[in-house]
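Undergrad: need a structure here:
(2 chains)
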Amino acid sequence: MDGMSMDMDFSVLAPEIVVLTGAVTALLAGSFSPRNKQWISRLIAALAVTVGAGFAVAGTLGKPETVFAGTFAVDTATGVARAIICVATLLVIALGGKELTGTSRESETYSLILLSALGAMVMSGTSDLLVLAVGYLLASIPLYALIGMGRSPHAAEAALKTYLLGAFFGIALMLGVAVLYALAGGSTYDALNTELTGAPAAATAVGLVGVLAGLAFKAGAVPGHFWIPDAAQGAGITAATFLTTVPKVGAIIAAYRLLSSIPDTVDWPLLIGLLSVASMTLGNFAAYFQTDVRRLLGWSTVSQAGYLLVPVAVAGHSTLALPSLLFYLAAYAVSNVGAFAVIAATGRYEVEDYRGLIRTAPWLAGALLISLLSLVGTPPTAVFVGKLTTFTAGWDGGLPWLVVLAALNTVVSLFYYLRWIAPAFARSPATPKTRAASDQASSARASSTRGGAASTAAIAGMAVLALGLSAGLLWPWLQGPLAR
Amino acid sequence: MLSLVIFLPLAAALVLAVFPGIKDRAARWVWVVVAAADTALVAGMWAAYEQPPDGGLAFEEQVTWIPSVGSSYHIGADGLSLPLLALTVVVFLACSIYALREQNRPRAQAALFLFLQTSCLGVFAAQDLILFFLFFDLSIVGMYFVIAGWGHGNAARSALKFFLYTFLGSLALLLGFIGLYLYSEPRTFDMVELARLAPLNESPVAGAVILGAVLLGLAIKTPTFPFHTWLPPAHTDAPAIGSAVLAGILLKMGTYGFVRIAMPMLPAAWRDWAWVIIVVGVISVLYGALVALAQTDLKRMIAYTSVNHMGYVVLAVGAAGVAGGSDAAAREVAVTGALTQMVSHGLITAALFLLAGVLKDRAGTYDMDSYGGLARPAPRFALLFAVGAFASLGLPGFSGFIAEFQIFAGSIGTVPWVAVALPGILITAALFLLAVQRLLTGEVRGQSAQVSDLRTTELLSIGTLLCLSILIGVAPRVLLDLIEPASAAVVVLVGR
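TA: Residues are numbered from 1 along each chain as shown, chains lettered A, B, ... in the order given. Reported below is the predicted structural model:
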């Protein structure tokens, strides 16, 4: 078993190393550059995640193995998760141009974004409980700072809430890690798989629940979801996009990987199924009443976490589970970034402010339509293929009730996405004069930097369609076993 | 060829959507020209169509799409789909001509309707369940924007209700499709393969559940009692051409799904539950007719007669599933009648909704009590409305008669008690005669004086639809030669 050998082949960690280097360099470069030259940091950060994505894709081409004494898996799931995280982070940096350029914390922000992304990458790749805990902290701590960076009362409140919840769920995670470690006598997933079979089921369940609670916080799923809507609304739009997209990828893959190695002594499919239903239902019904589009999207991401848990609940019980999960994650990431990019480009936060967007900015309205219809799961968008395959995997894996509830939730979700789409495509703006005036003012202020967010929205919209239509081409790439 | 027919309107829609510089007048004519070209292409296909010897598909095309889940871009036409493809292009052509006088954002409207045309054609041509679902869902999205964007009254609310309700149906359908996929061996979404395999014939419980999901989806779309409540508000608030497409084409997707998906792929379950389907059909016939009789709003009345007319289709396909004792010939007649009814209803109801749109355009209301004696100020309108009403009530000489006669002849031959639905025909006749009397005859009163007669474009579009209905009524072999082999194949498939 070369996976257990202690050979320190750092080349398999190229994406992580590149992103870490990028984070440090961006910070240093920013410290030594004047305020109007902070674009250097921006370039460095963008370059780092681009190169990281390249290495991530290259990393999926080798054979699956675990490295560093079985603590880190280099396989399809890791590679795809790294690629999604890097690309999503790149899009976040692109859409953040309008908001961040020339601010006093520009380079710090890029650095924190990259560090948190790095944490998510570690979480997605690790096959060891202790490294998982490290990844959790690495993904979380920069996030607290990112949310608080806005320095508004809302941002402060959101940062505090996220911090307290993060600390609480972090403790739950570490408690769970401790229990599982004690039961299995080892912390690698391989050890869990072999040793937990004989362990008392109740104790295993306690440990597992603790770890899953921590992951639920990162994924924004019930029960760790409370911070998401507040953070999405309170933080700047760049941070909001990042925190609703990237940590989810790491946490969901981590949950999948962990559960694949837990023996059947605990009925974890039922547990995940219930969490999934709770997330999607709560997220959808809470989103129903929102008038602030950031909160609306925040709750929508909670419900999306619920759909993402469907294939996790059947981890190992259906051959479709892993590829469908990876596809859904990619589809979700671009769709969500696309919707947030429209917010960043328009600078409008109330649903009613979008009235008549089709007249003032038809391309943005189109991108918004595609992104939101994708989140609903309308063909031929990306999330449709994600939903189709995850639903199929869920039923195939023996949880048809979960699939039925997910489908019903999809209908419910349509309602609030339409509440946003409908005004955007309405015939006339509600108050044409005031809107036009404020539009002119804001366009004069930000015309030079608005392009970034608008083109991100357009690119994300096209990617959503391209991903949906070319799903068949990508699929073989997503099929690969987990390394253990 | 078939791909060209499907995607030509989409290509035109993209051009219209992307270039804001296109003048309104040019946009209207682009729409007419593209719709006419598509009609010509389908007419060419109809002329070139030959029943494939093995009962397979003509104009078949297949390209891999998502091979790992057994889904491909697979399209083709046969006696079930070709009549509906033809109906689609004709109704859309009529709408494009009718809309030549549209003042409200004609470029966007033309783009949207062309997009909708692609999605409708795609549904009828699809031979893969995922492809079918894709077009099915896109037609809902398109129609939502038609109602919300060009409707009147409480358009936003009606559009939302339409979207939510039919989206619920489409997800039920998707669950059914996933079930069919999981039970097939080898796993596939290919409709031809699934019809050949009939994967759930050995498992009655799972078959019933999956049929239930598929039927729920199709019943909402059709719509049948008790899932019809989205229909009247959607029609009432939709623009005239939106209603014409909704009633003429979109409703057919539901009934087409019965003969294309539910019956061939789930034959055993269909036979087990045929009596439920017949009962739902009978209730839809009677309930739709009675409620239509009580309406004072012209559009709501036509909308409820759609429930009634679709009820005949459901009743016939249900009767075709009742096995034992009855001879196959009667069941074939029932299915042929059902298919004829789809085409017939599409032509007639689209025409009636366009006529209702004329009233709204001239006098701003659909309230039948606001009119009277229209024959005097608007003789051409009166003539076409009377023709449409007689066609819809099933008078011999019109397509409706051919359809309903076959439906009842075939169904009663199989299941005698469906004769209880016969009063539906009487009630429909009564309500249409009543409407003709209220609107057209007597003193000129109410808003009637404002109603100027049909313009050339209106005459052309509505007249074409009604002429085709008469053509089918007088020379039904044109259509029946195409349909009969297909319905015989369906009866064989459902009898396995």
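
Undergrad: what about B:F408, how many residues close to it?
TA: Per other Cβ atoms under 10 Å in any protein chain shown, the neighbour tally for B:F408 reads 23. Placement of C-beta: from N, CA and C, glycine included.

Undergrad: So it sits against B:G424, correct?
TA: No - in this structure, B:F408 is not within contact of B:G424 by Cβ atoms under 8 Å, at 10.0 Å.

Undergrad: what does chain A put close to chain B?
TA: With Cβ under 8 Å from any Cβ of the partner chain as the criterion, chain A comes near chain B at residues A:320, A:323, A:362, A:373, A:378-380, A:384-385, A:388-389, A:391-392, A:395-396, A:403-404, A:407-408, A:410-411, A:414-415, A:418, A:422, A:425-427, A:471-472, A:475-476, A:479.

Undergrad: if we go to 6 Å?
TA: Contacts of chain A with chain B, taken as Cβ under 6 Å from any Cβ of the partner chain, map to A:378-380, A:391-392, A:395-396, A:407, A:410-411, A:414, A:471-472, A:475.

Undergrad: is it possible to export those residues to a markdown table including neighbour count, secondary structure and pLDDT?
TA: Output for those, formatted as a markdown table (neighbours: other Cβ atoms under 10 Å in any protein chain shown; DSSP: H, G, I helix; E, B strand; the rest coil; pLDDT from 0 to 100):
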| residue | neighbour count | secondary structure | pLDDT |
| --- | --- | --- | --- |
| A:T378 | 25 | coil | 91 |
| A:P379 | 24 | coil | 89 |
| A:P380 | 22 | coil | 90 |
| A:F391 | 28 | helix | 95 |
| A:T392 | 26 | helix | 94 |
| A:W395 | 23 | helix | 95 |
| A:D396 | 22 | helix | 93 |
| A:A407 | 20 | helix | 95 |
| A:T410 | 25 | helix | 94 |
| A:V411 | 19 | helix | 92 |
| A:L414 | 25 | helix | 92 |
| A:A471 | 24 | helix | 90 |
| A:G472 | 18 | helix | 88 |
| A:W475 | 19 | helix | 90 |
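
Undergrad: what's the closest of these to A:T265?
TA: A:D396 (23.0 Å; Cβ to Cβ).

Undergrad: Next, A:R427: secondary structure please.
TA: Here A:R427 is recorded as coil under DSSP: H, G, I helix; E, B strand; the rest coil.

Undergrad: Residue 262: neighbouring residues, count only.
TA: Let's take chain A. 22.

Undergrad: Oops, wrong one, chain B.
TA: Around B:A262 there are 24 other residues, counting by other Cβ under 10 Å.

Undergrad: So it sits against B:V214, correct?
TA: Yes - B:A262 is within contact range of B:V214, at 5.2 Å (criterion: Cβ atoms under 6 Å).

Undergrad: Now the stretch 151-300 of chain A against chain B: closest residue?
TA: Across the stretch 151-300 of chain A, the shortest distance to chain B (Cβ to the nearest Cβ) belongs to A:Y288, at 12.5 Å.

Undergrad: Quick one: neighbours of that residue, just the number.
TA: 14.

Undergrad: Residues of the stretch 51-200 of chain B that sit close to chain A?
TA: By the rule Cβ under 6 Å from any Cβ, the part of the stretch 51-200 of chain B lying against chain A is B:W65, B:I66, B:P67, B:S68, B:L134, B:D137, B:F167, B:L168, B:L171, B:L175, B:I178, B:L182.

Undergrad: Now do the contacts for the last one.
TA: Residues counted as contacts of B:L182 (Cβ atoms under 6 Å, 6 or more residues apart in numbering or on different chains) are A:W395, A:D396.

Undergrad: give me the element it is part of.
TA: Using DSSP states H and E, the element containing B:L182 is helix B:155-183.

Undergrad: That helix - what's its average pLDDT?
TA: The average pLDDT within helix B:155-183 is 93.

Undergrad: Let me know the next secondary structure element after that helix.
TA: helix B:191-197.

Undergrad: so what secondary structure elements neighbour that following helix?
TA: Using 3 or more Cβ pairs under 6 Å, 6 or more residues apart in numbering or on different chains; DSSP states H and E as the contact test, the elements touching helix B:191-197 are helix B:263-265.

Undergrad: How far off centre is the helix it packs on?
TA: Its chain's average C-alpha position is 20 Å from that of helix B:263-265, according to Cα atoms, centre = their mean, to the nearest Å.

Undergrad: so how far is the helix or strand hosting B:V478 from its chain's centroid?
TA: If you go by DSSP H and E, B:V478 is part of helix B:477-494. Averaging C-alpha positions (Cα atoms, centre = their mean) puts helix B:477-494 18 Å from its chain's average.

Undergrad: buried set for that helix?
TA: Going by neighbour count (16 or more other Cβ atoms under 10 Å in any protein chain shown), the buried part of helix B:477-494 is B:479-480, B:482-491, B:493-494.

Undergrad: pLDDT and distance to chain A for those residues - can I get that in TSV?
TA: As requested, those are exported to TSV (pLDDT from 0 to 100; distance: Cβ to the nearest Cβ, whole Å):
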residue	pLDDT	distance to chain A
B:L479	92	32
B:L480	92	35
B:L482	91	30
B:I483	92	30
B:E484	90	34
B:P485	90	32
B:A486	90	27
B:S487	90	30
B:A488	88	33
B:A489	89	29
B:V490	90	27
B:V491	89	31
B:L493	89	25
B:V494	88	26
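
Undergrad: give me the low-pLDDT residue ranges for chain A?
TA: Along chain A, the parts satisfying pLDDT under 70 run over A:1-8, A:428-451.

Undergrad: In it, what residue spans correspond to strands?
TA: All strands of chain A, identified by DSSP state E, fall at A:65-67, A:72-74.

Undergrad: now those strands in a markdown table, with mean neighbour count and distance to A:L43?
TA: Converted to a markdown table, the strands of chain A look like this (neighbours: other Cβ atoms under 10 Å in any protein chain shown; distance: least, Cβ to Cβ, whole Å):
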| stretch | mean neighbour count | distance to A:L43 |
| --- | --- | --- |
| strand A:65-67 | 23 | 31 |
| strand A:72-74 | 24 | 29 |
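
Undergrad: Show me what the top strand by length along chain B packs onto, helices and strands only.
TA: For chain B, the longest strand by residue count, based on DSSP E, is strand B:58-66. Packing partners of strand B:58-66 (3+ Cβ pairs under 6 Å, 6+ apart): helix A:471-478, strand B:71-77.

Undergrad: Quick check: which of those is nearest to A:V312?
TA: Closest among those, using Cβ to Cβ: helix A:471-478, at 15.4 Å.

Undergrad: what sits up against that closest one?
TA: By Cβ under 6 Å, 6+ apart, helix A:471-478 touches A:P323, A:L326, A:F327, A:V385, B:W65, B:I66, B:P67, B:S68.
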